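Engineer: got a structure for you, letters missing:
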């Protein structure tokens, strides 16, 4: 018997309460009973997104919602700006190119964050840019972009701002309306700690105006169709949705809103800090060097000289039951990533660090056993974790 | 306490065994543990599809897989033939038009089936047709198209044949390879009786050749990307899939294959016959008049003069807990549809007919109480239901 712990930046651990809802007999997606839950989820998501904008629930991974943002907003040949500092920034570029947009890209080191001033410069030089795309938390590195600053810039231009908040939403404060974010994309399997398979997207009035002019082809992800179905009596989705996932999300959102957003963000910040301090104490280096650029969803750790990243994650998973993530794209083999996102508490962090210590020791890495754990405990104690 | 029964052509009832699997703690989608299940599901689906072709698992409704079939196979301006005898035939037309294909449409009365000879005629007159799209079971009417005959025709032409088998697969025999079906689309929430949110698509060599030349834009539903990820070690999906649904499908497929495909088809045929005979005994008329064109997934019943279809389905649902479906598109308000697809046995049919009798009586419709039930029982007895 090996107890299993999932500590990746998605899927994240799911509470028993949410899984019990997930296992409820399915309602029909056109029934008033389901419609009530569907509307409740939409309203609760608005609290999490801090928005009065429309929010749509899509049955797909977050990538589907990223595609929806692009294909609904733009027209063939439109100029867009993608600020990329990792694997998911690259994904926005790929989607935009495939749908025949002209992409201006701002590229940063993977582990760095986007400089808002660069976005202002590009927009000044290219007044015909129709949209700006950026990640909130870049899941592949753990860096957090200053979306507030970027929002304050983009709102002064005709361009809309599309934010991939898939792994950041719920871990860090995101203010869709206050910061002027036109489209925000989220997913079920991150801070919400619900099963995989559902994505969300919010749409501002400024974005709707572009959508009305957009000529890119789309059908399954058409947001105008989604809007029309949301106005039916009872409100519904155009296609059969992931019913059991939406029912689970309803419970997950209850738990999250009951905790309260401020406490939720504090919990993520402190867990993140504990992981950072612990691994630094072990002599490891963080990928995101600048402390101010570190997000609270996932911590990327450089694998020390002489240690095989694949073997490290494999041993943690197979021998100790702890699943963490490796690097993506050009970071494959160079980093490991510990997710601390969603249904996570103090002792999950203790487990993650403990498993890392035991495995590193086994692989011959030299450090003082238990020193990481001690450091994590100190962070919780010093920060009055749950006060 | 009102016991609930879902008797729609999707979602369908789900067994406790499948729901327990659905509620298992989530595995990571890049783990060898999940990959094993993902591969097992693919192999079991091949048995159900009766194919050696590639099969891909998409996280979307069946409509997403219909879009995938179109956007992966064709190029801007390509000529395609859509044979349409209902709401889902119309959907193929819409998707094709949106993605800038030139659509030749063969339209039939809703309730009729496609005449294979018409397809031959169009292909003879239009040798440049790149693809033919047709439903197996047209969910909006319950009619079943003769896919064997259509397959035998289309395989002699350069065009590929795309079959939407979403509601037909598992209820009626479908032989992908023997009949020469190039792309077959299925869904998790129909005869499989698993939760909603996952779709399948098979791809023949003939279809792959078209895919390599296709220039339509797609990203989330790109089958070449899906193929590349399926060849990784371990095999995986490009994007985060609906993990808990795929795990449930694995169990659902076990149950279905354990029953055996011949018994599975027989069960659906006899349940379907029982519903037909019962409602005819009540003096109601079936939408699909020709017995040979009736499928085994869903029975569409014309609502008698003086009865409000909406009130009928509402009363069945609210007062008696039995959810059946109404008409779609131009059949809205004119028919009701009883699904008998998936995890259904004799006594589910008895419940459906009983609820219909009780409700019809309450709405003032005149018939001999119990006569429908008696007729259904006779069908089961005469056909040695489970032998």
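Structural biologist: Received, thanks. Predicted model only: the values in this text are computed from it and were never measured. Numbering: from 1, shown residues only, chains lettered A, B, ... in the order given.
Engineer: from the centroid of chain A, which residue is nearest?
Structural biologist: For chain A, the residue lying nearest the average C-alpha position, counting by CA atoms, centre = their mean, turns out to be residue A:167 (1.2 Å).
Engineer: if you skip the residues just before and after it, what's nearest to that residue?
Structural biologist: Spatial nearest neighbour of residue A:167, excluding adjacent residues (CB to CB, 6 or more residues apart in numbering or on different chains): residue A:139 at 4.2 Å. Yep, even glycine has a C-beta here, placed from its N, CA and C like the rest.
Engineer: next one: residue A:40
Structural biologist: Here the residue nearest residue A:40, using CB to CB, 6+ apart, is residue A:250, at 5.8 Å.
Engineer: ok, that neighbour to chain B distance?
Structural biologist: With distances taken as CB to the nearest CB, to the nearest Å, residue A:250 is found 15 Å from chain B.
Engineer: so which strand or helix has that residue?
Structural biologist: Secondary structure assignment for residue A:250, by DSSP states H and E: helix A:243-259.
Engineer: could you check how far whatever helix or strand comes next after that helix is from the centre of its chain?
Structural biologist: Counting by DSSP H and E, the next helix or strand C-terminal to helix A:243-259 is helix A:261-281. Helix A:261-281 sits 16 Å away from the centroid of its parent chain (CA atoms, centre = their mean, to the nearest Å).
Engineer: just the helices from chain A, written as ranges.
Structural biologist: Per DSSP state H, chain A has helices spanning A:16-22, A:32-49, A:62-73, A:87-98, A:116-125, A:147-154, A:205-213, A:223-230, A:243-259, A:261-281, A:309-320, A:346-362, A:371-382. These are given in chain order.
Engineer: would the third one count as contacting chain B?
Structural biologist: Yes. Between helix A:62-73 and chain B, judged by CB under 8 Å from any CB of the partner chain, the touching residues are A:62-64, A:67.
Engineer: near chain B, which residues of the stretch 51-200 of chain A show up?
Structural biologist: In this structure, the stretch 51-200 of chain A approaches chain B at residues A:59-64, A:67, A:94-95, A:98-100, A:187, A:189, A:195-198, judged by CB under 8 Å from any CB.
Engineer: go again using 7 Å as the cut-off
Structural biologist: For the stretch 51-200 of chain A, the residues in contact with chain B (CB under 7 Å from any CB of the partner chain) are A:59-61, A:63-64, A:67, A:94-95, A:98-100, A:189, A:195-197.
Engineer: filter those down to the buried ones, ChimeraX style.
Structural biologist: ChimeraX command restricting those to the buried ones, with burial defined by 16 or more other CB atoms under 10 Å in any protein chain shown:
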select /A:59,60,61,63,64,67,95,98,99,189,195,196,197
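Engineer: what residues sit buried inside stretch A:342-349?
Structural biologist: Neighbour-count burial for stretch A:342-349, with 16+ other CB under 10 Å as criterion, is recorded at A:342-344, A:346, A:348-349.
Engineer: quick check: the residue lying closest to residue A:251 once chain neighbours are set aside vs residue A:185, distance?
Structural biologist: Closest residue in space to residue A:251, ignoring its immediate chain neighbours: residue A:21 at 4.2 Å, by CB to CB, 6+ apart. For residue A:21, the distance to residue A:185 under the criterion CB to CB, to the nearest Å works out to 24 Å.
Engineer: which one's more surrounded, those two?
Structural biologist: Higher neighbour count among residue A:21 and residue A:185: residue A:185, with 26 against 22, using other CB atoms under 10 Å in any protein chain shown.
Engineer: need the pLDDT of the more buried one.
Structural biologist: The confidence metric pLDDT takes the value 98 at residue A:185.
Engineer: ok, it - contacts?
Structural biologist: Contacts for residue A:185 were tallied using CB atoms under 7 Å, 6 or more residues apart in numbering or on different chains; they are A:62, A:65-66, A:69, A:163-166, A:199-201.
Engineer: what's around residue A:127, how many residues?
Structural biologist: The criterion is other CB under 10 Å. On that basis, residue A:127 has 10 neighbouring residues.
Engineer: run a quick neighbour tally on the residue nearest to residue A:167.
Structural biologist: When neighbours are counted by other CB under 10 Å, residue A:139 registers 30.
Engineer: show me what contacts it?
Structural biologist: Contacts for residue A:139 were tallied using CB under 7 Å, 6+ apart; they are A:9, A:88, A:166-167, A:298.
Engineer: are any of the residues you listed buried, and which?
Structural biologist: Under a neighbour-count criterion of 16+ other CB under 10 Å, the subset of the contacts of residue A:139 counted as buried comprises A:9, A:88, A:166-167, A:298.
Engineer: of those residues, which is the nearest to residue A:236?
Structural biologist: Ranked by distance to residue A:236 (CB to CB), these are led by residue A:166 at 24.5 Å.
Engineer: do I have it right that residue A:136 meets residue A:166?
Structural biologist: No. Under the criterion of CB atoms under 7 Å, residue A:136 is not in contact with residue A:166, lying 8.0 Å apart.
Engineer: so what's the residue nearest to residue A:195 when sequence neighbours are not counted up against?
Structural biologist: Spatial nearest neighbour of residue A:195, chain neighbours left out: residue B:244 (4.5 Å); criterion: CB to CB, 6+ apart. Residues in contact with residue B:244 (CB under 7 Å, 6+ apart) are A:22, A:195, B:22, B:26.
Engineer: residue ranges with poor pLDDT in the stretch 201-350 of chain A?
Structural biologist: In the prediction, the stretch 201-350 of chain A carries no residues with pLDDT under 70.
Engineer: contact residues of it facing chain B?
Structural biologist: Selection of the stretch 201-350 of chain A residues close to chain B by CB under 7 Å from any CB yields A:217, A:219-220, A:239-245, A:323.
Engineer: make it 10 Å
Structural biologist: Within reach of chain B by CB under 10 Å from any CB of the partner chain, the stretch 201-350 of chain A has these residues: A:216-222, A:225, A:237-248, A:313-314, A:317-318, A:323-326, A:328, A:339.
Engineer: ChimeraX command for the buried members of those residues?
Structural biologist: Provided next is the ChimeraX selection string for whichever of these are buried by 16+ other CB under 10 Å:
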select /A:216,217,218,219,220,221,222,225,237,238,239,240,241,242,243,244,245,246,247,248,313,317,323,324,325,326,328,339
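Engineer: one step back: how about the residues of the stretch 51-200 of chain A next to chain B, which pair is most distant?
Structural biologist: Spanning the widest gap among those are A:100 and A:195, at 34.4 Å by CB to CB.
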